[in-house]
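Engineer: Here is the input, now give the coordinates:
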Amino acid sequence: MTAPGPSASPGTALVFGASGYIGSHLVPALAARGWRVRATARHRKVLEAKPWSGVELAEADALDPASLPTVLAGIDVAYYLVHSMAAGRNFGALDLEAADHFGRAAAAAGVKRIVYLGGLVPEDATSEHLLSRRDTGARLRQHPVPVTEIRAGIIVGPGSAAFEVMRDLVLHLPVMVTPKWVQAKSPPIALGNLLHYLAEASLHPEMVGGIYDCAGPETLDYRTMMCAIARIMGRREPWILPVPVLTPELSAYWLRFVTSVPTNVARALIGGLKHDFGANDEAIRRLIPQTLLGFDDAVKAALEAEARHTVVARWTEGAFVFREYRADYGYYAKQAGGEFRTSATAWSLWRVVRAIGGENRYYAYNFLWWIREVMDWMVGGNGLNYGRRDPDDVRVGDVIDSWRVMGMEPARRLTLVFGMKAPGAGVLEFEIEETGPDERRIAITAYWHPAGIWGLAYWWAMFPAHLFLFAGFTKAIAQRALAFDANPKA
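Structural biologist: Numbers count the residues shown, from 1 in each chain. You can find the predicted model right below:
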């Protein structure tokens with residue numbers, strides 16, 4: 001007996017939550033299958049950094065009902081990929097509120113179907129993370145638009161929170177004292193396999209209204225998975241010593257100091273790791289047959305996919321080029337920044353930004369920059385090699401002191417890669433934005449991809465300086481730009 005094939009055709013799909021881990025991969029997967037794709041996020045500029053062609057970009061927030069009708073207009077299938085783990089505590093209540101708004105707006109817009117990605121839920125689940133994923137699906141089903149729910153456990157791919165936690169641990173901790181959750185079992189699924197299920201599910205009418213578990217072909221404990229990651233990446237398998245006194249709650253706080261995964265996400269994730277996870281995926285395997293990758297092959301595919309995505313002109317989360325092509329540098333970046341609003345023109349702001357470094361220096365707190373440069377020189381770096389090709393002009397590839405220009409958009413953005421010796425990889429990005437008829441916003445953001453514990457320690461050591469450095473930096477840029485506006489020939 002052959003599996004039933006799809007009987008629907010691609011139409012217009014909304015990927016709601018396109019800036020997230022799954023959404024950013026699902027958008028190009030749907031477009032490649034012939035869908036007309038509308039990608040949405042709370043901030044459109046995050047999507048503008050994605051290398052997508054032929055994809056409509058839009059801005060919406062499920063917690064803002066007024067933003068939903070426009071993005072849902074004309075949509076056949078809406079992929080709902082929103083979760084509020086990063087919001088911190090009480091994210092479960094936010095998830096339910098968002099699902100209510102979205103379900104109501106989807107019905108009003110005439111959406112034919114919602115595909116929701118949830119999570120595997122053990123019968124004895126107690127963590128807010130797991131219960132929220134389950135309850136969000138139930139809340140969406142309370143509204144008129146039919147829902148297809150796909151439930152997955154650990155996803156093996158670059159950027160998956162569980163995968164990144166395990167990768168950070170095995171690459172930087174040769175000995176681990178861990179809670180008993182390392183013995184908990186789960187059926188991990190390769191990112192490519194999950195994307196295939198999601199893309200195909202919307203084409204099967206018989207899946208309307210159903211809840212489908214999906215999983216890879218193996219059920220493994222976390223100790224086995226971490227040892228496999230170490231082996232595949234050419235590292236010695238870590239010594240893992242489980243102890244009963246280290247609870248999942250304590251583990252979540254501990255992970256803040258050993259992994260670059262955002263703290264709120266890690267806390268929510270760890271809360272569910274005390275359970276064994278099972279998946280009854282017979283139904284989805286029958287409806288959407290495919291070759292499922294085992295864990296080792298899934299890890300290899302993740303590393304290969306990561307290495308292929310190298311061409312970007314501005315910072316995006318996890319981009320391999322901004323991690324110096326190092327798989328052992330954290331996928332997720334620590335961030336700090338500052339901004340200043342001014343009446344200076346965008347071109348005057350750009351004139352100041354593009355001239356940083358060299359003899360012009362950095363406009364504010366130059367003694368702090370000098371201290372860091374001396375520290376780099378003392379460990380054999382090029383920190384004291386000041387200079388730039390031209391005092392005023394800039395182009396991609398230029399070296400400015402210890403920075404390299406990775407990308408630029410005149411009067412909008414300048415992206416610099418950090419070149420000093422440090423345990424990790426850094427990016428400094430300047431952004432100029434029109435915020436009103438006579439107002440511009442100049443913002444500076446530092447991104448740091450740490451190399452394990454030492455990279456995180458370096459970041460936190462530098463963090464106090466960041467608190468006031470960037471605020472003063474942006475203010476000084478704005479003041480110089482205003483001076484240029486007052487005297488353009490200066």
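Engineer: give me the element the residue nearest the centre of the chain is part of.
Structural biologist: Central residue of the chain (Cα atoms, centre = their mean): Glu317, 4.9 Å from the mean position. Mapping Glu317 onto the secondary structure by DSSP states H and E places it in no helix or strand at all.
Engineer: What separation is there between it and Pro262?
Structural biologist: Applying Cβ to Cβ, to the nearest Å, the value for Glu317 to Pro262 is 10 Å. C-betas here are computed from N, CA, C, even on glycine.
Engineer: Touching both of the two, which residues are there?
Structural biologist: Tyr332 (Cβ atoms under 8 Å, 6 or more residues apart in numbering).
Engineer: what does stretch 467-487 rub up against?
Structural biologist: Applying Cβ under 8 Å, 6+ apart, the set of residues contacting stretch 467-487 is 336-345, 348-349, 351-353, 362-365, 368, 442-444, 446, 490.
Engineer: Check the secondary structure at the residue lying closest to Ala41 once chain neighbours are set aside for me.
Structural biologist: Excluding its sequence neighbours, the residue lying closest to Ala41 (Cβ to Cβ, 6 or more residues apart in numbering) is Ser19, at 3.7 Å. Reduced to three states with DSSP: H, G, I helix; E, B strand; the rest coil, the structure at Ser19 is coil.
Engineer: Go through stretch 475-487 and flag the buried ones.
Structural biologist: By neighbour count on 16 or more other Cβ atoms under 10 Å, the buried set for stretch 475-487 is Lys475, Ala476, Ile477, Ala478, Arg480, Ala481, Leu482, Phe484, Asp485.
Engineer: Reformat those as TSV; add distance to Pro410 and pLDDT.
Structural biologist: Conversion of the buried residues of stretch 475-487 to TSV gives the following (distance: Cβ to Cβ, whole Å; pLDDT from 0 to 100):
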residue	distance to Pro410	pLDDT
Lys475	22	95
Ala476	21	96
Ile477	16	96
Ala478	18	96
Arg480	17	95
Ala481	14	96
Leu482	19	96
Phe484	15	92
Asp485	17	91
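Engineer: for stretch 194-201, which positions count as buried?
Structural biologist: Residues of stretch 194-201 classed as buried: Leu194, Leu195, His196, Tyr197, Leu198, Ala199, Glu200, Ala201 (neighbour count, 16+ other Cβ under 10 Å).
Engineer: What residues does the last one make contact with?
Structural biologist: For Ala201, the residues meeting the contact criterion (Cβ under 8 Å, 6+ apart) are Val115, Thr148, Ile150, Met207, Tyr212, Ile284, Ile288.
Engineer: And for the fifth one?
Structural biologist: With contact set as Cβ under 8 Å, 6+ apart, Leu198 has these partners: Ile22, Leu26, Ala29, Tyr79, Val115, Leu117, Ile150.
Engineer: Using the record's domain definitions, break this protein down for me.
Structural biologist: Per the record, the chain has its domains at 12-308, 334-486, by automatic domain parsing.
Engineer: By mean pLDDT, show me the worst of those domains.
Structural biologist: Note on the domains of the chain: lowest mean pLDDT is at domain 12-308, with a mean of 86.
Engineer: Quick check: Arg113 touching Pro144?
Structural biologist: No. The pair Arg113 and Pro144 fails to qualify as a contact (Cβ atoms under 8 Å) at a distance of 11.2 Å.
Engineer: Counting neighbours, go ahead and name the busier of the two.
Structural biologist: It is Arg113, of Arg113 and Pro144, that has more neighbours when counted by other Cβ atoms under 10 Å, with 22 against 11.
Engineer: How about the backbone phi and psi for the more buried one?
Structural biologist: Arg113 has phi and psi values of phi -160, psi 150 when expressed as degrees, to the nearest 10.
Engineer: residue contacts, the residue lying closest to it once chain neighbours are set aside?
Structural biologist: With sequence-adjacent residues excluded and distances taken as Cβ to Cβ, 6+ apart, Arg113 is closest to Val77, at 4.9 Å. Each residue near Val77 by Cβ under 8 Å, 6+ apart is listed here: Gly11, Thr12, Ala13, Leu14, Val111, Lys112, Arg113, Ile114, Val115, Ser202.
Engineer: Pick the one among the buried residues of stretch 475-487 closest to Glu324.
Structural biologist: Checking the buried residues of stretch 475-487 against Glu324 with Cβ to Cβ, the nearest one is Ile477 at 27.4 Å.
Engineer: any idea where the strands of the stretch 201-350 of the chain begin and end?
Structural biologist: Taking DSSP state E, counting those that start in this stretch as the test, the strands found in the stretch 201-350 of the chain are 211-213, 220-221, 239-242, 334-342.
Engineer: And stretch 454-474, what's buried?
Structural biologist: Of the residues in stretch 454-474, those buried under the neighbour-count criterion (16+ other Cβ under 10 Å) are Gly455, Leu456, Tyr458, Trp459, Met462, His466, Leu469, Phe470, Ala471, Gly472, Phe473, Thr474.
Engineer: Switch those over to CSV; also include distance to Val399.
Structural biologist: As requested, the buried residues of stretch 454-474 are arranged in CSV below (distance: Cβ to Cβ, whole Å):
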residue, distance to Val399
Gly455, 23
Leu456, 28
Tyr458, 23
Trp459, 24
Met462, 22
His466, 23
Leu469, 22
Phe470, 22
Ala471, 27
Gly472, 25
Phe473, 20
Thr474, 24
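Engineer: quick check: angle from the biggest helix by length in the chain to strand 334-342?
Structural biologist: Longest helix of the chain, by residue count under DSSP state H: helix 452-486. Using axes from the mean of the first three to the mean of the last three Cα atoms, to 10 degrees, the inter-axis angle of helix 452-486 relative to strand 334-342 is 10 degrees.
Engineer: How far off centre is helix 452-486?
Structural biologist: 23 Å (Cα atoms, centre = their mean, to the nearest Å).
Engineer: Cool, thanks, signing off.
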